[in-house]
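Peer 1: need the 3D shape of this:
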Amino acid sequence: MSILLAINETAEASAASEAPSADLLKVGHQQFMLCGACHGQQGEGTAAGPPLAGSEWVNGPVENLIRIQLRGLTGPITVKGQEYNFPAGMMAMAYQTDDQIAGVLTYIRSNFGNDAPPVTPGEVAALRDEVGKPQLVVDELIQPVTTSASASMGTGGPPAIPAKYANMGSPLGVPFWLLGLVFALTIVSFVAVFKK
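Peer 2: Just a heads-up that it's a prediction; the model follows:
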């Protein structure tokens, strides 16, 4: 019985040491406001950045995230089965302190459906020699292990559209803003023709 109790106490202590501190999460949430501009405030991804929610890269090796934060990333990357390739890529955020980088990475690794261990400022400090090097490309990163959950989210058809963006298309498959622009240009053309 005492052996089981000791094993249970060891497991609880290990889980407690894995839990991010409230202060680290607060710093991370504050820093994420900048990240959310490209990755979406709920980590859903936008036209400027891939999703962080349920991402195999976010839940994968922490070294990848720290190095991306310190050097940036360019070129194509596949997230949840969909390839993303943004013209400018992600810029380096090396101006952030070790605490800020550890905080924001811990925040994204513990939110948006992600469940990965926290990042420590010491882990960030250990990779500070990356600063000043060119933007990374995917081939320079450790390939994450794709879980069945993240694989099922991104394969077998077109990627799922987050619910908040689901109403932005039209039944014709053309975005409403594009239809509106064509309509407005048509009206302007008719007015110009009939004024003559």
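
Peer 1: the least confident helix or strand in the chain by mean pLDDT: what's the following helix or strand?
Peer 2: Within the chain, no helix or strand scores below helix 2-18, which has a mean of 44 by mean pLDDT, DSSP states H and E. The helix or strand immediately downstream of helix 2-18 is helix 22-39, counting by DSSP states H and E.

Peer 1: how far off centre is that next one?
Peer 2: 12 Å (Cα atoms, centre = their mean, to the nearest Å).

Peer 1: for it, give the mean pLDDT please.
Peer 2: Helix 22-39 carries an average pLDDT of 90.

Peer 1: how about residues contacting that helix?
Peer 2: The contact list for helix 22-39 (Cβ atoms under 8 Å, 6 or more residues apart in numbering) reads 20, 43, 45-46, 48-52, 90, 96, 99-108, 110, 118. All C-beta spots, glycine's among them, are computed from the backbone N, C-alpha and C.

Peer 1: repeat for stretch 71-84
Peer 2: Stretch 71-84 has contacts (Cβ under 8 Å, 6+ apart) with 45, 49-51, 54-57, 85, 88-94, 130-131, 133-138, 150-151, 153-155, 159.

Peer 1: start to end distance for it?
Peer 2: 18 Å (Cα to Cα, to the nearest Å).

Peer 1: one more: stretch 76-90?
Peer 2: OK, stretch 76-90 end separation, Cα to Cα: 11 Å.

Peer 1: stretch 109-122 too?
Peer 2: Stretch 109-122 end-to-end distance (Cα to Cα) = 17 Å.

Peer 1: where does this structure dip in pLDDT?
Peer 2: Confidence mapping of the chain against pLDDT under 70 gives the ranges 1-17, 147-180, 196.

Peer 1: can you confirm residue 142 is in a helix?
Peer 2: No - counting by DSSP: H, G, I helix; E, B strand; the rest coil, residue 142 is located in no helix; its state is coil.

Peer 1: buried members of the contacts of helix 22-39 into PyMOL, please.
Peer 2: In PyMOL, a selection of the buried entries from those looks like this (16 or more other Cβ atoms under 10 Å):
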select buried, resi 20+43+45+49+50+51+52+90+96+99+100+101+102+103+104+105+106+107+108+110+118
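
Peer 1: in helices only, show me the contacts of helix 22-39.
Peer 2: Judged by DSSP state H, the contacts of helix 22-39 include 99, 100, 101, 102, 103, 104, 105, 106, 107, 108 as members of helices.
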